[in-house]
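1. What follows is a predicted protein model with its sequence.
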Amino acid sequence: MAEGRVEGISKVTGSGKYAAEYKVDNVCYGVIVGSTIPAGEIEAYHLDDAKEVAGVLDIITHLNRPSIPAFENEESIKKSGFSLPVLHTDKVFFKGQPIALVIAETLEDATYAASLVTATYKQSSFNVDFDTTHPSIPLAGTGKERGTMDAWSNAAFVADAEYNIKHEVHNPMEMHATIATWVSKDKLKLWDKNQGVNNVQGTLSRLWKMPAANIEVISEFVGGGFGAGLLVWPHVLMTVMAAQQVKRPVKVVLTRPQMFTLVGYRPQAWQKVKIGADKDGNFLGILHQSKHSKSVYDNYREGITRISRMLYKIPNAKTEEATVSLNLSAPTWMRGPGDCSGAFGLECAIDELSYQLKKDPVQLRLQNLATEIDPDTQKPWSTNFLNECVEKGAANIEWAKYRKAQPASVKEGDWMIGYGMACGMWFAGRSKASAGIKMQKDGTISVETAMTDIGTGTGTGMQNIAHDNLGIPKNKIKVNLGNSNLPAAPSQGGSTGLSTMSGAVVAACNEFRKKIAELASVVDEAYKHVNPADIVFTKNGVALQTQGNRPVSYENIFAKNNLEIIDVQATSGPGEERQKYAFCSGAAHFVRVKVHAKTGKVKVDKIVSVVDAGYVVNDKAAANQISGAAVGGLGMALTEEQLVDHKLGCVVGNDLAGYHFPVNADAPIIDVSFIGKPDVNINPAGAKGLGEVGIIGMAPAVANAIYNATGKRLRNLPITPDKVL
Ligand code: MOS
């Protein structure tokens, strides 16, 4: 078993600080007031009662807020790319839209005063009903079409069905929070919960038209992201405006109900998948259509059908998509965005086809997986071991022994038993990032990056990679991350974190070796011409693997070079390999379910996930990600559904009592394993993306198992007991 995480002790002892936990002198508190109508205009605010509350410092609205330079007028707002011009408009697009921020000495004062703020509105008509609206919205082609529909419309076997997924909400454990302080007139500092400090820094720099270097953003510990932290949301802007207005540090923590409307969600989606095969089960063609909800004020696109162009060898493929604008807040990327929803349609349809063909769904996939060439780009996959994932998963769950081809044929008392499987795939991205290495006089080093670690284990991975490259013991390698002043890095999301950072850390290690050779040569000339790779790092200094050892102590290196610290930085990013190859991570998910014949309760009894993510830098952190993602998949399959009240025009039950996600008691033992073969083209570590593929394919695996258990094909998520019965 790999050892624990670098941040483990800080997390479990509570010494690790999350955004809202920083103590900032003279801080005051902001509480957001949301609109009480779903659409219209604000005519007047009624603030007198709130202002009477002791401790209230100010109430900012669109009438008195300090203006954001990029929100000067309609034109500049459009250009800013920020979808909701918060407190810079009298228009209301959804219920709960922030219309005011109450700032007070204490959270209690601010909360009470916020409850007294009201507004008069001019209401307009609204629409929050996806299901009745989407049929009238036309689809449009997306992605590269292959072949023709005619070529397969008379195929021997065709599955053709519609699938629906409800609106789902990220709900990370840590609520979004921002503390903002103007340290001087043109310098801003933020402690903020997010998935990318440089992104927050860059966005604020753009909106306030100030140099990024004047903005420091800290997000060292993050209590879950799931995609909600990838964008800068209105509350961040409001906190910065408030700090400007009251000339004090201001803290805003979203309430749990606000987490349902102010930081995105997975949009509601409709899909239709038609897939055809010949009598031997070779896929001939697919038509995958999808529509998803979005807000009236943003342009979010999920890309739900993309996975159907990538996963299998299908000579004829057509994909179409559309969005449906509603008076709801803006959706965003959530847990395997797009592909996770798309895989539900695709992988259920293939399961349906397998029963028509009377062919084992494992065999059907092995026969059709496109593991050589990416059918969409026609580039060879750098590596794609999905077939091995399927084979290994089938072996691990003993598919051949226990899974019965005849649905509803296995019973244990009142429980019906079934097995299901599905595949997942995710593009294996990599971006450019920088990393730094600093060595102290005692020989300890710190590896640094601005990237936030959202709980995935990036910091631990960075330590492991530095250890592998330098041979310095792990307990002498610290990790510093989540601060915009550290070497620049992209946001952590889309399973690109470690794939990106590994390159930067390896580059920094190489740079560090070069620097050490140069500094050691001041002590011993032999180091002038050494190959930096020859240097070994010992307890007290460096030596050479060849050329007679020639030890030089750290003490001497620092003293002779008159240094207090040795400090290097390097940048690394993707290159030509991206032109030559297509990159993906893959997973095969297998589940065993028990379905109660009388209550309709579905108990997922066993999960086996086998993942191809290239070289696995840290087994434990990697397996943690996949099992966490698997539980997210259970939520999608069985419980997660944000209710929308069509009359009130808003989400309801927006708290942890109303929104059901699985807890430990709902999760079985999850058996995670990895193929582990390095992808030598993707980055120096050979590590592909990890995380998204843990959830992509999980919900269809569960739905397919429920069919196997009951003979009931359920195409609408979540599969709650009422649907099962
Ligand atoms: Mo994500 S949706 O990879 O944060």
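-> Good, I have the coordinates. Numbering: from 1, shown residues only.

2. Output the one helix or strand A322 maps to as PDB, restricted to C-alpha atoms.
-> A322 belongs to strand 316-326 when assigned by DSSP states H and E. The C-alpha trace of strand 316-326 is given here as PDB (Å, rounded to 0.1, in the frame of the first residue of the first chain):
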ATOM      1  CA  ASN A 316     -21.600   5.500 -40.000                       C
ATOM      2  CA  ALA A 317     -22.100   8.000 -37.300                       C
ATOM      3  CA  LYS A 318     -24.200  11.100 -36.900                       C
ATOM      4  CA  THR A 319     -24.500  13.300 -33.800                       C
ATOM      5  CA  GLU A 320     -26.900  16.100 -33.200                       C
ATOM      6  CA  GLU A 321     -27.400  18.400 -30.200                       C
ATOM      7  CA  ALA A 322     -29.400  21.400 -29.000                       C
ATOM      8  CA  THR A 323     -29.700  23.400 -25.800                       C
ATOM      9  CA  VAL A 324     -32.900  24.500 -24.100                       C
ATOM     10  CA  SER A 325     -32.800  27.900 -22.400                       C
ATOM     11  CA  LEU A 326     -34.700  28.200 -19.200                       C
END
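
3. in it, what counts as buried?
-> Residues of strand 316-326 classed as buried: 316-326 (neighbour count, 16 or more other C-beta atoms under 10 Å). (Glycine included, C-beta is placed from N, CA and C.)

4. Show me which of these is closest to K677.
-> The nearest member of the buried residues of strand 316-326 to K677, counting by C-beta to C-beta, is A317 at 28.1 Å.

5. how much space is there between that closest one and V273?
-> 11 Å (C-beta to C-beta, to the nearest Å).

6. follow-up on the earlier one: next secondary structure element downstream of the strand holding A322?
-> helix 339-357.

7. So for that following helix, mean pLDDT?
-> The average pLDDT within helix 339-357 is 98.

8. which helices and strands does that helix pack with?
-> Contacts defined by 3 or more C-beta pairs under 8 Å, 6 or more residues apart in numbering; DSSP states H and E place helix 339-357 against strand 157-165, strand 269-277, strand 283-295, helix 361-368, strand 415-427, helix 692-695, helix 698-710.

9. could you redo those as TSV and give each row distance to P718 and mean neighbour count?
-> Formatted as TSV, the helices and strands packed on helix 339-357 follow (distance: least, C-beta to C-beta, whole Å; neighbours: other C-beta atoms under 10 Å):
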stretch	distance to P718	mean neighbour count
strand 157-165	8	18
strand 269-277	13	24
strand 283-295	16	24
helix 361-368	22	20
strand 415-427	16	26
helix 692-695	14	32
helix 698-710	9	29
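
10. Quick check: which of these is nearest to T13?
-> helix 692-695 (27.8 Å).

11. returning to that earlier point: how far off strand 283-295 does the strand holding A322 point, in degrees?
-> If you take axes from the mean of the first three to the mean of the last three C-alpha atoms, to 10 degrees, strand 316-326 sits at 10 degrees to strand 283-295.

12. host element of G575?
-> Counting by DSSP H and E, G575 is part of no helix or strand.

13. Can you give me the neighbour number for it?
-> The number of residues packed near G575 is 13, by other C-beta atoms under 10 Å.

14. Same question for K515.
-> Residues near K515, counting by other C-beta under 10 Å: 16.

15. residues in contact with C389?
-> 423, 586-588, 610-612, 675 (C-beta atoms under 8 Å, 6 or more residues apart in numbering).

16. could you check the angle helix 698-710 makes with whichever strand or helix holds it?
-> C389 is part of helix 386-396, with elements assigned from DSSP H and E. Relative orientation of helix 386-396 versus helix 698-710 (the same axes, to 10 degrees): 40 degrees.
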